[in-house]
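S.K.: Just a sequence and a predicted model for now, questions to come.
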Amino acid sequence: MTVKSSDRFSTNKVIHTLSKSTFLRGLQCHKSLYLNRYRPDLRDELSEAQEAVFRRGHDVGMLARDLFPGGADSSPVNRDYAGAVERTRELIKGGAKVIYEAAFCFDGILCLADILVKKGRKWKIYEVKSSTGLKDVYLPDAALQYYVITGAGLAVSDVSIVYLNNQYVRQGELDLEQLFTIESVLEQVVSMQDDVAEQAAVMKKVLAGKKVPSIDIGPQCSDPYGCDFTGHCWAHVPEVSVFSLARLNGTRKFDLYQAGIVRLEDIPEDYELTDRQQLQVNAHIAGRSKINKKEIRRFLEAITYPHYYMDFETFMPAVPLFDNVRPYQQVPFQFCVYFLEEKGAQPELREFLARAGSDPREAFIKALIEATPAPGPIVVYNQSFESTRMKELARDFPEYEDELNERRDRLVDLLVPFQKGHFYAPSMNGSASIKAVLPALVRDLSYKGLAVSDGGMAMQAFEHLWTETDHSRVDEIRAQLLEYCKMDTFGMVRIVEELGKV
Ligand code: SF4
């Protein structure tokens, strides 16, 4: 492969070979580090879900600044990193006590500290994360910051990770001291300094090389983060492969791959598989669905008339937006219910979609209770999701506990016959999710063409409504959300109908 240098730094003075993000990329895979520099055109497009993660990280970072208010912002303007380093130097010289996005360069490595605070004659580094715990993967990140900042000549007394406290329950105004947990990682970070220097030196050699490092796909492609060169590196792996075998652990998948076994038909007959995995392989090779009529009939017997189909949508703001909510708590904002009074009856639609701007939960509960009166089983897809949400609602609104528990007792999980392999079609490719099952059983219904086509997109669409001021856009997004939830729920109606036929 011929390589050309990326022109990403061409408009500004180049002051670094590595940055914090490229160093972390290099720790995961040298090929990713190299491609990112010389072939950024091969990177996968950023998904909406990934963009939402970045936005969330940025928002949490901005909020954490209020833990140390009144600081000076040294963020680079138009990617002028040299200017940011110079501005940080001047701020320090000028007696600043708190600096946000403080920029430093040492040993050809650039890093920006989220928050830098002067205590006495020394400085404390705070790295903000939008997660709810201190993960091992944050340590090399903090170690690199310590390496660069101390190397640049600053006296550092501590390095801490700032993350969200998932035990915090909002009551009234946000309490930042409670919302955030600050944990020092100084000891670990100091012990990693030699390793940081060694790794950085190796990465610089990789970047100075003339060829893309010869690295095959492996567990590193998704650990600790999903790599954005997957589309390029995994292009030779067919859509149906050992990697789509249901519930086979990653090590065994890569063992098969390294032994040259990629397609399901290449798996040796004596290779140990579970019954469910063997069913998947057999169905794929035969090109035919596998149906256990006896088990399906038994399952359908539980869906007596009248009955309901029900689906919830939730969103999970990192920072609680209203009282009685924890960071990342799943907050239901929408449901769709279809009611079937008797065999052959027209399904009756009952739906709810909250208005953004306030706590949707009590209105959600009331509408749900009204939409699902006894008697009759309530069919859901992946019962644990709806059941857990109702349990949480009962905890937070105990006055509705009895009615919510009564609904929970009536749940029937439509996932079960697919998860247990009572019905399996080759096109499901190892998945039992409704997104895989629906097109396999119901040809005339499809998520294709829907503006909102999965739960993650629904979550982002609803979050977007909190800040959208254009009324026509609000109406448009609400219509998209209603359409999506209806598709998931009506999909269940049709799946049960089709199961009845087989
Ligand atoms: S997809 Fe895997 S092999 Fe390719 S660059 Fe990324 S981590 Fe490396």
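M.R.: Yep, it's here. Residues are numbered from 1 along each chain as shown.
S.K.: And the strands in this structure?
M.R.: 18-19, 72-73, 98-106, 109-119, 122-128, 156-164, 180-184, 290-291, 307-315, 331-340, 348-353, 378-380, 411-413, 423-424 (DSSP state E).
S.K.: Relative to Arg395, which of those strands is closest?
M.R.: strand 331-340 (13.0 Å; Cβ to Cβ). From N, CA and C alone the C-beta is placed, and that goes for glycine too.
S.K.: Which strands and helices lie in contact with the closest one?
M.R.: On a contact count with 3 or more Cβ pairs under 8 Å, 6 or more residues apart in numbering; DSSP states H and E, strand 331-340 meets strand 307-315, strand 348-353, helix 361-371, helix 455-465, helix 471-501.
S.K.: before we move on, back to that, let's have the strands of the chain in TSV, adding distance to the ligand, mean neighbour count and mean pLDDT.
M.R.: Putting the strands of the chain into TSV (distance: least, Cβ to the nearest ligand atom, whole Å; neighbours: other Cβ atoms under 10 Å; pLDDT from 0 to 100) gives the following:
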stretch	distance to the ligand	mean neighbour count	mean pLDDT
strand 18-19	17	20	96
strand 72-73	33	15	97
strand 98-106	26	22	97
strand 109-119	21	22	97
strand 122-128	24	21	98
strand 156-164	25	21	98
strand 180-184	29	16	98
strand 290-291	33	16	94
strand 307-315	31	24	97
strand 331-340	35	23	98
strand 348-353	39	17	98
strand 378-380	36	23	98
strand 411-413	35	18	98
strand 423-424	30	25	96
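S.K.: Just put those strands in TSV and tack on distance to Thr150.
M.R.: What follows is these, written out as TSV (distance: least, Cβ to Cβ, whole Å):
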stretch	distance to Thr150
strand 18-19	17
strand 72-73	21
strand 98-106	8
strand 109-119	11
strand 122-128	10
strand 156-164	5
strand 180-184	16
strand 290-291	62
strand 307-315	41
strand 331-340	43
strand 348-353	53
strand 378-380	55
strand 411-413	55
strand 423-424	58
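S.K.: To Ala363, which of those lies closest?
M.R.: strand 348-353 (7.4 Å).
S.K.: That closest one packs against which elements?
M.R.: strand 331-340, helix 361-371, helix 471-501.
S.K.: What residues does the stretch 151-300 of the chain have near the ligand?
M.R.: Proximity of the stretch 151-300 of the chain to the ligand (Cβ under 6 Å from any ligand atom) is limited to residues 215, 217, 220-221, 227, 229-230, 233.
S.K.: and Val156, what does it touch?
M.R.: Counting by Cβ atoms under 8 Å, 6 or more residues apart in numbering, Val156 touches 122-125, 146, 149-150.
S.K.: now the stretch 1-150 of the chain, which segments are flagged as low pLDDT?
M.R.: 1-14 (pLDDT under 70).
S.K.: Near the ligand, which residues of it are found?
M.R.: 28-29, 31-32, 35.
S.K.: Filter the residues you listed down to just the ones in helices.
M.R.: Using DSSP state H, the members of those that fall in helices are 28, 31-32, 35.
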